[in-house]
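In: Have a look at this fold, sequence not included:
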């Protein structure tokens, strides 16, 4: 039996008629009917002044999904659409995971603390390894902060014309990228820049517990933007005084 997840409070963030079924308590089957909205990836060159607005809306969508017990994980600009009202919605739930109803959570061997929801096989082998959080690749267990990693990858794509992280691995097939990410101590996510350093601090911590929650990401971005604006203002004033 399929259970509707298209409740009224989800209609503002999901671009589909979304249904799901738990299969053998480990896989989330999602059936969707997609709408005709424009992909966010097709608008990157024309909406540069509103890209961070779209990301903030994506963060808010993640929070709403988590309240319903769903991790999205599939954070690519191709999988977000923009409505006629200039709002972002999510589509393509191929790798969504139901973390609330799962009975196969992982626990530590000593203290038996909760370590998250077990990674379904189709997520571990199918989710693009350039946006997959480390816990998807190594099977450590999924938590809401798993979406934080992906939201960082989404913001990187918005900053870089839709290009995915790990540019030094883009010539490899997916299995090779997974192996590289699992075996190498470090692979450059992106060239160093203030914005990327911000993403590293907010989203790309290997330990999930050190990442910001999706609800905290918007505040962190706004604080960063305020600091950058103050820095630019001081630099401008200093330049004027020197003249």
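Out: Arrived safely, thanks for sending. Note that the structure is a prediction, hence the values are computed from the model and not measured. Residues are numbered from 1 along each chain as shown.
In: Quick check: buried residues in stretch 119-138?
Out: 119-120, 123-124, 127-137 (16 or more other C-beta atoms under 10 Å). To be clear about C-beta, it is placed using only N, CA and C from the backbone, and glycine gets the same treatment.
In: and it, what's its mean pLDDT?
Out: Stretch 119-138 shows a mean pLDDT of 94.
In: same deal with stretch 157-174?
Out: On average, stretch 157-174 scores 89.
In: residues of it that come out buried?
Out: Applying 16+ other C-beta under 10 Å to stretch 157-174 flags 157, 158, 159, 160, 162, 164, 165, 166, 169 as buried.
In: which residues of the chain fall in helices?
Out: Applying DSSP state H to the chain gives helices spanning 51-67, 121-126, 134-138, 145-159, 174-183, 194-202, 214-242.
In: hmm, back to that, what two of the buried residues of stretch 157-174 are the furthest from one another?
Out: 158 and 169 (20.2 Å; C-beta to C-beta).
In: ok, and which of the helices of the chain has the densest surroundings?
Out: For these, the largest average neighbour count (mean count of other C-beta atoms under 10 Å) is found in helix 145-159, namely a mean of 25.
In: what's it packed up against?
Out: In terms of contacts (3 or more C-beta pairs under 8 Å, 6 or more residues apart in numbering; DSSP states H and E), helix 145-159 is packed against helix 51-67, helix 134-138, helix 194-202, helix 214-242.
In: which residue packs closest to residue 217, ignoring adjacent ones?
Out: residue 59 (5.0 Å; C-beta to C-beta, 6 or more residues apart in numbering).
In: Just to check, the one you found is in contact with residue 220?
Out: No - applying C-beta atoms under 8 Å, one finds residue 59 not in contact with residue 220, separated by 10.1 Å.
In: picking that back up, turn the helices and strands packed on helix 145-159 into JSON lines, including distance to residue 90.
Out: Below are the helices and strands packed on helix 145-159 laid out as JSON lines (distance: least, C-beta to C-beta, whole Å):
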{"stretch": "helix 51-67", "distance to residue 90": "6"}
{"stretch": "helix 134-138", "distance to residue 90": "18"}
{"stretch": "helix 194-202", "distance to residue 90": "20"}
{"stretch": "helix 214-242", "distance to residue 90": "13"}
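In: So which of those is nearest residue 145?
Out: helix 214-242 (8.0 Å).
In: for the record, mean pLDDT for that closest one?
Out: Rounded mean pLDDT across helix 214-242 is 72.
In: Nearest to residue 94 among the helices of the chain would be which one?
Out: helix 121-126 (7.2 Å).
In: Show residues contacting the closest one.
Out: Contact with helix 121-126 is made by 27, 73, 94, 95, 97, 136, 137, 139, as judged by C-beta atoms under 8 Å, 6 or more residues apart in numbering.
In: now those residues: which count as buried?
Out: Burial by neighbour count, 16+ other C-beta under 10 Å: within those this picks out 73, 95, 97, 136, 137.
In: Out of the residues you listed, which two are the most distant from each other?
Out: 97 and 137 (14.7 Å).
In: How about the contacts made by the closest residue to residue 55 other than its chain neighbours?
Out: In space, residue 55 comes closest to residue 155 once its chain neighbours are excluded; the distance is 5.1 Å by C-beta to C-beta, 6+ apart. Contacts here follow C-beta under 8 Å, 6+ apart; on that basis residue 155 touches 52, 55, 199, 203.
In: Tell me, what's the model's pLDDT at the residue nearest to residue 217?
Out: For residue 59, the model assigns a pLDDT of 92.
In: which residues does it contact?
Out: 151, 214, 215, 217, 218.
In: can you tell me how far it sits from residue 97?
Out: In this view, residue 59 and residue 97 are 18 Å apart by C-beta to C-beta, to the nearest Å.
In: Could you do residue 43 as well?
Out: According to C-beta to C-beta, residue 43 and residue 97 sit 28 Å apart.
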